[in-house]
Structures are given as structure tokens and as C-alpha cells.
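# Pasting a predicted model and its sequence here:
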Amino acid sequence: MNSCISNGLECRDNLSDESPYAEFNREIITCEGTNGLVLPFPQPPQPSQQSSPKETTLHTRLLEDTSGFHEHRIQAIKSQGKLQSQDPTLRNAKLGYKVESLLNRMSNWTRIKKKSEADTPRSLAESYGKRGHVIGYGAFGTVRIACKLDAEDPTRTRLFAVKEFKQRSRDSLIEHKKRVISEYSISSSMYHPHVVTTLDLLQSTKGASCQVMEYCSGGDLYSFVLSVGQLEMVEANCFFKQLLQGVEYLHEMGVAHRDLKLENILLTQRGKVKIADFGNAECFRMAWETEVHMISGVCGSRPYIAPEEYVDKQFDGRAVDIWACGMIYMSMRTGYHIWQTSQKGRDKAFEQYVQDRKKETGYKPIEQLETIECRNVVYSALDPTPARRLTAQQILLSEWVRKIEVCDAGNEGLDVC
């Protein structure tokens, strides 16, 4: 893989920003997209050079029969490099409504946890096994695999991903603790087949806060796309529908993820999608509320940030997530980011999209998608006017998505008619 650094914001051939497997399961690819550098990513093929993945590779990772049934066989991709810190201006630095509300919401949990720890002190190793090699690292922590013998079957072992939070130099101890509690409070409250399960928060022997999560053996979607290039329609559609099911659940729970990207979509080896990394997540509606609270501030990873984040003081976090879902789908289908930023006047590729979507001929990368129903949904998800974007529920009910066949692994745990 050749290194390549963009000399401006107009580069659309490369993928930027940090990988979530700082939060999870792999050796991370170097990327500094949020501070001007762009991570190498497959360039869009020229017409004369375009080629499909090797047939043997495709048949190894995707099995499909004539009835539409398909099965994924994914191997985690070992990527070289390390995770660099994300631009602080793109992280949600606010410690207001979101954190304080969550602290109130979780106050009972905190009291119970403190009492439990006082009564029965336990170590990380005792609960989840000894931590092994590093599988991810970044500005906010280091992730290692932990391995523990199964209590019911000593011949088997269980694997966990353990994230050890690291206090940033510019954060006070109180701010650091608030960030840790905020991320844990949200992620541990989410129970859905397409959301990574957060199991515990406890201290290491050195006093560091450690978050224990399920281990996803298929790697992340970023590494998968980086390895194979543009995905087959069946693959991309299956992953997209699973992603939307997870996003619909988050929004029903009153949570906006705010950092959806290829890197934060994890996979099992059978192709089940899991949404990870709630470090930027915000509650826009508490359980006892009916009113939706608008959110503010630019955060996330540049190629996935919705245009309203740059211009509006407040906006709907749900619409921001839908924009990111649209970008994820187009990255899966093309093998590259169709633009690097939606900030007005900063990316000619995005400006071209805004103009082309108004024309009868449309925007070429989207127009190359197979059906008009698919194209209409993608245009809606990537509508620069957030009020016109479909919701996750509306997309799932669309004619196109209803017809998408999800693999058996992706349907596990869901009520599927």
C-alpha cells in the first residue's frame, strides 16, 4: 500500500480520519485526516483500468445462491501503522446537557456499583482474564485482547476487548472522568444485535479506567473496504440495512452517535454489523421526555460530517447520523470517499455534487447505482437540507431497503418476518 498525502481538501481518492479499532480489534492504520493529512485509500478506477476483485477472492468472502441467499466469510484485516490523535476541534468537547443528564440518569447505577465493589472487590484479570497484545491505540486509550477460560467449559476461552482510557493532557481529572462515564453510560445502556455490547467499567491495577466490550473477530468495515475495494452490491446492501437497523434503535433510544464512519462499523466473521465507539454520542431525548433537543458543535470525521454542522448553531443529531450513513454506503459501493468535506467552499468534489444533484443527469457516482429506488434513498440521505432527509425508520420502510436480503448472521437476534 503506497503512502499518499493530500495537498488540499479537494482530494476525493483517499480515506481520512482515525480508525475506531483504536476502540477495538486490530492494528490500526495510520491516519491524520482531521488535521490535513489523508490516509491512503484505493483511488477511483479510471475507465480503462477498472477491474473487479479476483473471482477467487470474491467467492472466498461471499457465497451466494440463485435464490438470493448469501453468506459472508470475513477475515480480520491486519493493517499497518498506528492511530493518530483526532483534531480536538472535531471532537465534542462540551460537558453540558449530555454529560450532566447522563450522570443524573446513571446516579443510581453509580451508587450500586460502588457498593458492589466495596462488598466484593474484583480485579480486571479475575473478571475477564489477563490482557494480551495491543489491538488498537489512540489519543483516548489503548485496547487489548483479554482472554478468560469459560467457567462452564474450561476447554474453551472467551475473548474480550478491553479499552484502557488515557487522560488527555488538556483535560482535568474531573473532565476525564466525565468523558469516561459519558461514553460508558451511553454504550452500556444500548442492547441491540447491531450495537457493540459494552460489558463493564472497572479499574486496572494501576488505577486506570477500563471499559470491557465484546470482541468482534471480523475487523472493521474500513479495513475490509481498504482490502477488497468497492464491495459487491449484495455485500454493501446487507451491511447498509444492518447499519440502519442499529441507527434506528439508537434514535429510538434518544441517542445520536455523531461519529458514524467505516472505521466505527465492526464485523463478525459471518458478516454481522456492529456499531462501535460512543465517545462522541449525545442524548437528544431522555427516556422521560418527548421533546427532541437540538445539538451543536462540529465533531466526527471530516468526510462524514454533515454540512449543517459547519453553518448551524443547532441541528438535529438524527439527520447528522443519516448523512453519515449515506457516505458509508457510497464508500462501500465506490471504494473511496466521494468527497473529503462538506464544508462550503472547501471541496470542489462536494460543490460538484451539490450542482449535479439538481440536474436531470444527476451525480455520476450515485447514478451508477443499480436501481432508481436505491438512488432516491441515497440522494435523500445526502440531501444538503437536513429537514428533507429521510429518517432511519423511513429508509428501512422504503421499497429498496425492504427488498434487501440480509444474511442469516445479520438477522440473528431480530424479529424477522
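Nice, thanks for sending it over. Numbering: from 1, shown residues only.

# number of nearby residues for the residue lying closest to Lys313 once chain neighbours are set aside?
Once flanking residues are discounted, Lys313 sits nearest to Ser296: 5.9 Å by Cβ to Cβ, 6 or more residues apart in numbering. For every residue, glycine as well, the C-beta is placed using N, CA and C. As a burial measure, Ser296 scores 16 neighbours (other Cβ atoms under 10 Å).

# Report the spatially closest residue to Glu291, excluding sequence-adjacent ones.
Arg285 (6.9 Å).

# doesn't Val292 make contact with that neighbour?
Yes. Using Cβ atoms under 8 Å, Arg285 is in contact with Val292, at 5.3 Å.

# Neighbour count for those two, which is higher?
A count of neighbours by other Cβ under 10 Å puts Arg285 above the other of Arg285 and Val292, at 18 against 14.

# All the strands of this protein, residue numbers only.
With DSSP state E, the ranges of strands along the chain come out as 62-64, 70-72, 130-138, 141-149, 157-165, 198-203, 209-214, 255-256, 265-267, 273-275, 282-283.

# other SSEs contacting the last one?
If I follow you right, that is strand 282-283. Applying 3 or more Cβ pairs under 8 Å, 6 or more residues apart in numbering; DSSP states H and E, we find strand 282-283 packed against helix 97-105, strand 255-256.

# Can you flag the weakest of these by average pLDDT?
Lowest mean pLDDT within the helices and strands packed on strand 282-283: helix 97-105, a mean of 45.

# Show the contacting residues for Arg158.
By Cβ atoms under 8 Å, 6 or more residues apart in numbering, Arg158 lies in contact with Gly129, Cys147, Lys148, Leu149, Asp150.

# Please apply the same query to Leu250.
Taking Cβ under 8 Å, 6+ apart, one finds Met190, His192, Val195, Ala256, His257, Ile275, Ala281, Asp321 in contact with Leu250.

# Now do it against Asp259, distance only.
12 Å (Cβ to Cβ, to the nearest Å).

# Please apply the same query to Cys299.
Counting by Cβ to Cβ - Cys299 and Asp259 are separated by 7 Å.

# Mind telling me which residue is nearest the centre of this protein?
The centre of the chain sits closest to Asn264, judged by Cα atoms, centre = their mean, with a distance of 2.4 Å.

# Need the pLDDT of it.
90.

# and stretch 166-182, average pLDDT?
On average, stretch 166-182 scores 88.

# between Cys299 and Asp259, which one's more packed in?
Asp259 (29 against 23).

# Run through the residues that contact the more buried one.
Contacts of Asp259 by Cβ under 8 Å, 6+ apart are Asp277, Gly279, Asn280, Ala281, Cys299, Gly300, Ser301, Tyr304, Ala324.

# where's it relative to Val377, distance?
22 Å.

# now Glu360
19 Å.

# Same check on Ala208?
Ala208 is 44 Å from Val377, by Cβ to Cβ.

# More neighbours: which of those two?
Using other Cβ under 10 Å as the criterion, Ala208 and Val377 rank with Val377 on top: 24 against 15.

# wait, that one sits on Leu390?
Yes. Using Cβ under 8 Å, Val377 is in contact with Leu390, at 6.9 Å.

# Between those two, which contacts overlap?
With Cβ under 8 Å, 6+ apart, Val377 and Leu390 have common neighbours Ser398.

# Using CSV, list the CA coordinates for stretch 172-186.
As requested, C-alpha coordinates have been extracted for stretch 172-186 and formatted as CSV (Å, rounded to 0.1, in the frame of the first residue of the first chain):
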residue,chain,number,x,y,z
SER,A,172,-8.6,17.9,34.2
LEU,A,173,-9.2,14.8,36.2
ILE,A,174,-12.9,15.7,36.6
GLU,A,175,-13.3,16.3,32.8
HIS,A,176,-11.6,13.0,32.1
LYS,A,177,-13.9,11.1,34.5
LYS,A,178,-16.9,12.8,32.9
ARG,A,179,-15.8,11.7,29.5
VAL,A,180,-15.3,8.1,30.7
ILE,A,181,-18.7,8.0,32.4
SER,A,182,-20.4,9.6,29.5
GLU,A,183,-19.1,7.1,27.0
TYR,A,184,-19.8,4.1,29.3
SER,A,185,-23.2,5.3,30.4
ILE,A,186,-24.4,5.5,26.8
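
# So which bits of it are buried?
Buried residues in stretch 172-186, counted by 16 or more other Cβ atoms under 10 Å: His176, Lys178, Arg179, Val180, Ile181, Ser182, Glu183, Tyr184, Ser185, Ile186.

# is it possible to export these to TSV including distance to Leu243?
Shown next, in TSV, are the buried residues of stretch 172-186 (distance: Cβ to Cβ, whole Å):
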residue	distance to Leu243
His176	31
Lys178	29
Arg179	25
Val180	26
Ile181	27
Ser182	23
Glu183	20
Tyr184	23
Ser185	23
Ile186	18
